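**Student:** based on what follows, work out the 3D shape:
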Amino acid sequence: MPDMDVALKDAMQIDGAIGVALVDRSSGMALGVAGGDRNFDLSVAAAANTEVVRAKLRTMEMLGLRENIEDVLITLDSQYHLIRPLTGRSGQGLFLYLALYKERANLALARHQLKRIETSLDI
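**Tutor:** Numbering: from 1, shown residues only. Model prediction:
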């Protein structure tokens, strides 16, 4: 099973990848990042997207939905942002955040690859 650094490098191999982070949902802190640039601060994005996950979990609770979030997709003009909570016992409370350039990404394939990375990740 790959460790965090290998998993992040694997995620950066997804077509169109801008950056990826492994994020602690309770603190909003990025435990590891790969990619990004001076105009795309992954630590800031990780912290802000923690609020997205928390809001969705609160909404599901209020609605009485007893399901798990598979992933959250945010579509911008030129980018896709994927948030995938980890489901394994060792990854509870963590999520993968992946930003992709829309014109270079295959969304279905990116979701499939991120799922594969998430299921093989050993924290």
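**Student:** rest of the way, CA atoms for contacts and neighbours
**Tutor:** Noted.
**Student:** number of residues surrounding residue 95?
**Tutor:** Neighbours of residue 95 under the rule other Cα atoms under 10 Å: 26.
**Student:** now do the one 3 residues further on
**Tutor:** Residue 98: 30 surrounding residues under other Cα under 10 Å.
**Student:** so what does residue 111 look like in phi/psi?
**Tutor:** phi -60, psi -40 (degrees, to the nearest 10).
**Student:** mind listing what's buried in stretch 81-101?
**Tutor:** 81-87, 91, 94-101 (16 or more other Cα atoms under 10 Å).
**Student:** chain center to that stretch: distance?
**Tutor:** Offset of stretch 81-101 from its chain centre (Cα atoms, centre = their mean, to the nearest Å): 4 Å.
**Student:** residue ranges with poor pLDDT in the chain?
**Tutor:** 1-2, 89-90 (pLDDT under 70).
**Student:** identify, by residue count, the longest helix of it.
**Tutor:** Under DSSP state H, the helix in the chain containing the largest number of residues is helix 42-63.
**Student:** just the C-alphas of that helix, formatted as PDB.
**Tutor:** Taking C-alpha atoms only, helix 42-63 is exported to PDB below (Å, rounded to 0.1, in the frame of the first residue of the first chain):
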ATOM      1  CA  LEU A  42      -3.000  24.300  -1.800                       C
ATOM      2  CA  SER A  43      -2.800  24.900   2.000                       C
ATOM      3  CA  VAL A  44      -5.400  27.800   1.600                       C
ATOM      4  CA  ALA A  45      -7.600  25.600  -0.700                       C
ATOM      5  CA  ALA A  46      -7.400  22.700   1.700                       C
ATOM      6  CA  ALA A  47      -8.500  24.800   4.700                       C
ATOM      7  CA  ALA A  48     -11.400  26.400   2.700                       C
ATOM      8  CA  ASN A  49     -12.600  23.100   1.300                       C
ATOM      9  CA  THR A  50     -12.800  21.700   4.800                       C
ATOM     10  CA  GLU A  51     -15.700  24.000   5.200                       C
ATOM     11  CA  VAL A  52     -17.400  22.500   2.100                       C
ATOM     12  CA  VAL A  53     -17.100  19.000   3.600                       C
ATOM     13  CA  ARG A  54     -18.300  20.100   7.000                       C
ATOM     14  CA  ALA A  55     -21.300  21.900   5.500                       C
ATOM     15  CA  LYS A  56     -22.300  18.800   3.400                       C
ATOM     16  CA  LEU A  57     -22.000  16.500   6.400                       C
ATOM     17  CA  ARG A  58     -24.200  18.900   8.500                       C
ATOM     18  CA  THR A  59     -26.800  19.000   5.700                       C
ATOM     19  CA  MET A  60     -26.800  15.200   5.400                       C
ATOM     20  CA  GLU A  61     -27.300  15.000   9.200                       C
ATOM     21  CA  MET A  62     -30.200  17.500   9.200                       C
ATOM     22  CA  LEU A  63     -31.800  15.500   6.400                       C
END
